[in-house]
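Undergrad: this one's structure only:
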């Protein structure tokens, strides 16, 4: 098969280009689906080494991207999501190593049983096929998605945002080098080579059966568009309106540490807390210290009447605030009447992403963990652990908040489906 078409912005037949990318990705998926774990791991080894060796090239490309968006007036949270540092590149490389070391999910027998007629039935993990990942701002997604799809035997088509175009190209070159060194098809990890926004619309059509699933990583408008227009299945979360509930039985110092980390470690990531709920029974002891701590850390607090009374710097919260993913150093705060009221508030305003309770009361914790209908629920831990790397997956291709197929961090195992193998000795059905 000939190499896929190359695009130069403004000088390509985009529909032909995208169809060609899908054709080559489908062919690569057939190879990856039967590739050995050893061969895939050789590619991952080479990718890790290439990322480390090309760090200066990646950083230089990223600096150009950052300078461009800064000139367009991007917010500090947006710039943080886009920016790569040596530490973040090291984290990308470390994540590749972790993905390499996790067990290969492809071909794993999930369950096996024997029927009375002597037939053995096995449920076996298989790749999904071709995954399209559409993402904005965070160039590390190119590496995360590429290596997770490789590990799970899937080909992937990456469409990064125009703001991270140079960074993604530099990272993608390292991934292709790894594929080449392991003797795997370069089209196994394809980067759409144009900034043309029409490429997204073409991906959403499924490219005539060339794509099996789409994963959007980006802002609410992108995810909403993908979920509304995609003609193939989607793994997605629309937004991360995440909560930390501080119960009356919480350890105050622990609560302060968790709340500060959940909001301020990286306010622009999807696992950041956007709402603080405080139990009225413990508010006299905990509310003012929590609010003061957040404000002094540079976080704007928008609160209900009870929260406003503890600090004049608190701005009044509107109804819209309870439903807002700020992705910035802003938090909404509210006093609630115990764990049941906290659960009810999360039910009414949450996004089924990530929610946490801080308490020393095991019964309250158990109730919260059982009744909050989110992909990730935590007890005495920061919402910023909503991350595939922190779950031991090495990386994630996204956080899925739906209830079909995948939920929570989507790692290599979640990028597989299954089929049944039936082993007989000549049985026929009467």
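TA: Good, I have the coordinates. The structure presented is a predicted model; accordingly, all values stated were derived computationally and were not measured. Numbering: from 1, shown residues only.
Undergrad: before we move on, which element is the closest residue to residue 44 other than its chain neighbours in?
TA: Closest residue to residue 44 apart from its sequence neighbours, by Cβ to Cβ, 6 or more residues apart in numbering: residue 100 at 3.9 Å. Glycine gets a C-beta too; all of them are placed from N, C-alpha and C. Applying DSSP states H and E as the criterion places residue 100 in helix 86-101.
Undergrad: just residue 365 next, same as before
TA: Using DSSP H and E, residue 365 falls in helix 362-371.
Undergrad: show me what that helix is packed against.
TA: On a contact count with 3 or more Cβ pairs under 8 Å, 6 or more residues apart in numbering; DSSP states H and E, helix 362-371 meets helix 338-349, strand 354-358, strand 376-379.
Undergrad: to residue 148, which of the ones you listed lies closest?
TA: strand 376-379 (18.0 Å; Cβ to Cβ).
Undergrad: what about that closest one, distance to the chain center?
TA: 17 Å (Cα atoms, centre = their mean, to the nearest Å).
Undergrad: next SSE downstream of that strand?
TA: strand 399-400.
Undergrad: and that next one, how far from the chain's centre?
TA: That offset, for strand 399-400, works out to 6 Å (Cα atoms, centre = their mean).
Undergrad: kindly report the same for stretch 423-430.
TA: 45 Å.
Undergrad: residues contacting it, please?
TA: Outside of stretch 423-430, the residues within contact range by Cβ atoms under 8 Å, 6 or more residues apart in numbering are 117, 118, 119, 120, 121, 122.
Undergrad: burial of residue 106, as a residue count?
TA: 24 (other Cβ atoms under 10 Å).
Undergrad: whoops, residue 198 was the one
TA: 11.
Undergrad: wait, it sits on residue 13?
TA: No: contact criterion Cβ atoms under 8 Å: residue 198 and residue 13 do not qualify, at 11.4 Å.
Undergrad: domains in the protein, by residue range?
TA: 14-236+417-422, 242-385 (automatic domain parsing).
Undergrad: so where's the chain uncertain?
TA: When residues are selected by pLDDT under 70, those of the chain lie in 1-12.
Undergrad: max-length helix in it?
TA: What stands out as the longest helix in the chain, according to DSSP state H, is helix 14-32.
Undergrad: roughly how far does the residue nearest to residue 375 when sequence neighbours are not counted sit from residue 135?
TA: Leaving aside its chain neighbours, residue 375 sits nearest to residue 408 (4.2 Å; criterion: Cβ to Cβ, 6+ apart). Applying Cβ to Cβ, to the nearest Å, the value for residue 408 to residue 135 is 18 Å.
Undergrad: neighbour-wise, which of those two wins?
TA: residue 135 (24 against 21).
Undergrad: and the strand or helix carrying residue 285, what does it pack against?
TA: Here residue 285 sits within helix 283-296, counting by DSSP H and E. Contact analysis of helix 283-296 by 3+ Cβ pairs under 8 Å, 6+ apart lists helix 252-264, strand 273-279, strand 300-303, helix 305-310, strand 330-336 as its packing neighbours.
Undergrad: turn the ones you listed into a markdown table, including distance to residue 62 and mean neighbour count.
TA: Output for those, formatted as a markdown table (distance: least, Cβ to Cβ, whole Å; neighbours: other Cβ atoms under 10 Å):
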| stretch | distance to residue 62 | mean neighbour count |
| --- | --- | --- |
| helix 252-264 | 23 | 20 |
| strand 273-279 | 27 | 27 |
| strand 300-303 | 29 | 21 |
| helix 305-310 | 39 | 17 |
| strand 330-336 | 26 | 23 |
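Undergrad: export the helices and strands packed on helix 362-371 to JSON lines and tack on distance to residue 107 and mean neighbour count?
TA: Converted to JSON lines, the helices and strands packed on helix 362-371 look like this (distance: least, Cβ to Cβ, whole Å; neighbours: other Cβ under 10 Å):
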{"stretch": "helix 338-349", "distance to residue 107": "40", "mean neighbour count": "18"}
{"stretch": "strand 354-358", "distance to residue 107": "32", "mean neighbour count": "30"}
{"stretch": "strand 376-379", "distance to residue 107": "29", "mean neighbour count": "20"}
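Undergrad: and of the ones you listed, who's closest to residue 105?
TA: Of these, the one closest to residue 105 (Cβ to Cβ) turns out to be strand 376-379, at 20.7 Å.
Undergrad: list of residues touching that closest one?
TA: 353-357, 359, 365, 368-369, 383, 385-386, 399, 408-409.
Undergrad: what about 6 Å?
TA: For strand 376-379, the surrounding residues in contact (Cβ atoms under 6 Å, 6 or more residues apart in numbering) are 354, 355, 356, 357, 365, 369, 386, 408.
Undergrad: likewise stretch 81-96?
TA: 44, 47-48, 51-52, 55, 62, 66, 137-138, 140, 143, 147, 164, 268, 389, 394-395.
Undergrad: list buried residues within those.
TA: With neighbours counted using 16 or more other Cβ atoms under 10 Å, the contacts of stretch 81-96 contain these buried positions: 44, 47-48, 51, 55, 62, 66, 137-138, 140, 143, 147, 164, 268, 389, 394-395.
Undergrad: check which helix or strand residue 221 maps to.
TA: helix 220-229.
Undergrad: can you list the buried residues in that helix?
TA: Buried, per 16+ other Cβ under 10 Å, within helix 220-229: 222, 223, 225, 226, 227.
Undergrad: can you check stretch 175-186 too?
TA: 175, 176, 177, 178, 179, 182, 184, 185.
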